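here is my input; please provide its structure:
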Amino acid sequence: MDVHIGELASTVRAVDGESILTPRLLERIVDATVARLEERRRAGRDADADRATRTGLATPPWLDDDPGSRG
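Okay, here's the model as predicted:
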């Protein structure tokens, strides 16, 4: 299908790709990235602590295989 445009008005601006990252915008990106990395690290530590708690539980006396250890 052919389209014929009789008249077109537009504005075109040439922009340098690096000029878009102002110092303030770059700072916001870095701050958000650092915050996300800290959140992931904190979540990893919490997960490690949860696993350590589960694996570090003492065996109840009624499940102990050593009969001599019962009081």
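
buried sites along the one helix or strand Thr33 maps to?
Here Thr33, judged by DSSP states H and E, is contained in helix 23-55. For helix 23-55, burial by neighbour count (16 or more other C-beta atoms under 10 Å) applies to no residue. All C-beta spots, glycine's among them, are computed from the backbone N, C-alpha and C.

what sits against Ile20?
Neighbour list for Ile20: empty [criterion: C-beta atoms under 8 Å, 6 or more residues apart in numbering].

give me that answer again for 10 Å
By C-beta atoms under 10 Å, 6 or more residues apart in numbering, Ile20 lies in contact with Leu26.

tell me, what's the model's pLDDT at it?
For Ile20, the model assigns a pLDDT of 76.

just Asp31 next, same as before
At Asp31, pLDDT is 96.

the chain should start at 348 in everything you say after this.
That works, and once the first residue is 348, the last one we named lands at Asp378.

where's it relative to Thr406, distance?
To Thr406, Asp378 is 47 Å away according to C-beta to C-beta, to the nearest Å.
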